[in-house]
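Asker: sequence and computational prediction follow.
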Amino acid sequence: MIDHSEIKVSVIIPVYNAKAYLHDSVKSVLSQTHSNVEVILVDDCSTDGTWDVEEKLAEENENVILVKNEQNSGQTLSRNHGMKCITGDWFMFLDADDELAGDSIEQMLAAGLEGNADMVMCDYQNIFADGRTVDNTTSISSGIFDAKEFCKHIFSEIPLNVYSCVGTKLYRASFLEKKRPTPDFPRTGGDFMFITDSLMADPKVYYLKKALYKYYVRKGSISNSYRPNMYSDMTKTRAGLWELFEKFGIKEDRKLELSKLRYEIIYMALSQETFKNRSYSDYLNTYNMIFRETESLEAIGYLIKHSSSFPKRMYIRMFRHPFVLYGIIKLRLALTQRR
């Protein structure tokens, strides 16, 4: 592999109460086969002693930079703060409880330079508490894509979990001048929005079909926690995808998938209310808020009309009946907890 040691890569890690995991996360960057890296730790007002770990890492490693938010603001704002501090030629994000494979940066950087890309995307690996691992990948081959061609594969060949995983992307730093800023909200889905906003700038994308990001599935992580504004945040990410597809003239081709996404967001929001044992009135308030929106009604109606099977259409019809849907969610959660 060609020597690219003169090229610096900045790795931004938003940090909140990650004392137990942060050391391993940072060390996975500092021990990369591509050693010209800087680590930017953006502390979001941690309360568990994480700051002490960060200070020790910075004392021991001159390429570890510390940034501290004035108030707890969430991962999106923390990433935005981190981007103001990068001095590297390329940059990427890493969550404070995840890790990079040992040659992640070397492989992704080589791919980006080979394809003269603005953005590189790889696969990722789920690592569970019991040691099980699952690779999350796509059905396309490694190679260079223009933005429109790349977007045509979203949903069909590129699953949303691979698309939206923030740590599997490496960006050319100069690309930030072309990309529109991602707002300091929402707390949920900010990673999704950053990637969508990046594609709006029409980058060249190199897809590398290798699982180089290690995503640890932990109870209580942000992605597995109760999020009271999850519905409104996630509908913003869906709106971003709608705008992206509209830009490249493929919106109508993705209407079914976008309706399914709205349906899944609705189900997740209502499941959260139920899972946390909140009252039926809390659930009903959320339900009524969701279905006051024309887009929610249209998405459910579109799915009923276009779903391929009769049982599926009947199931989706249950979304028009709040009490019945509440019972279905309760039953499914009870069955899941017994497994």
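Answerer: Received it, and whenever you're ready, just let me know what you need.
Asker: which parts of the stretch 51-200 of the chain are strands?
Answerer: For the stretch 51-200 of the chain, the strands defined by DSSP state E, counting those that start in this stretch cover 64-68, 90-93, 99-100, 119-127, 133-136, 143-146, 169-172.
Asker: out of those, which gets nearest to Gln75?
Answerer: Between Gln75 and the strands of the stretch 51-200 of the chain, the shortest separation by C-beta to C-beta is 8.9 Å, and it involves strand 90-93. Just so you know, the C-beta spots here come from the backbone N, C-alpha and C atoms, and that holds for glycine as well.
Asker: so where's this protein uncertain?
Answerer: 1-2, 183-188, 220-228, 277-278, 337-339 (pLDDT under 70).
Asker: show me it divided up by domain.
Answerer: Annotated domains of the chain cover 9-223, 251-338 [automatic domain parsing].
Asker: which one of the ones you listed is the most hemmed in?
Answerer: Greatest average neighbour count among the domains of the chain goes to domain 9-223 (a mean of 18), per mean count of other C-beta atoms under 10 Å.
Asker: which among the strands of the stretch 51-200 of the chain is found nearest to Asp43?
Answerer: strand 64-68 (4.7 Å).
Asker: ok, back up a step: now the domains of the chain as TSV including distance to Trp242?
Answerer: Compiled in TSV, the domains of the chain are given as follows (distance: least, C-beta to C-beta, whole Å):
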stretch	distance to Trp242
domain 9-223	10
domain 251-338	6
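Asker: so which of the ones you listed comes closest to Asp233?
Answerer: Here domain 9-223 is closest among the domains of the chain (C-beta to C-beta), at 3.3 Å.
Asker: distance between stretch 9-24 and the chain's centre?
Answerer: Counting by C-alpha atoms, centre = their mean, to the nearest Å, stretch 9-24 is centred 16 Å from the centre of its parent chain.
Asker: who is Ile158 paired with across the strands?
Answerer: Per DSSP bridges, the residues bridged to Ile158 are Ile154.
Asker: now it: how far from Ile140?
Answerer: From Ile158 across to Ile140, the span is 7 Å (C-beta to C-beta, to the nearest Å).
Asker: again, but for Val217
Answerer: Distance from Val217 to Ile140, by C-beta to C-beta: 25 Å.
Asker: ok, now how distant is the residue nearest to Arg180 when sequence neighbours are not counted from Lys84?
Answerer: Sequence neighbours aside, Asp197 is the residue nearest to Arg180 in space, at 5.5 Å (criterion: C-beta to C-beta, 6 or more residues apart in numbering). Separation of Asp197 from Lys84 (C-beta to C-beta): 16 Å.
Asker: repeat for Asp43
Answerer: 15 Å.
Asker: kindly report the same for Phe248.
Answerer: Applying C-beta to C-beta to Phe248 and Lys84 gives a distance of 30 Å.
Asker: so what's Thr168 up against?
Answerer: 121-124, 162, 212-213 (C-beta atoms under 8 Å, 6 or more residues apart in numbering).
Asker: identify the residues contacting the helix or strand harbouring Tyr326?
Answerer: In this structure, Tyr326 sits in helix 322-338 according to DSSP states H and E. For helix 322-338, contacts defined as C-beta under 8 Å, 6+ apart pick out 267, 270-271, 274-275, 280, 283-284, 287-288, 318-319.
Asker: any chance of those in TSV, plus secondary structure?
Answerer: Formatted as TSV, the contacts of helix 322-338 follow (DSSP: H, G, I helix; E, B strand; the rest coil):
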residue	secondary structure
Tyr267	helix
Leu270	helix
Ser271	helix
Thr274	helix
Phe275	helix
Tyr280	helix
Tyr283	helix
Leu284	helix
Tyr287	helix
Asn288	helix
Met318	helix
Phe319	helix
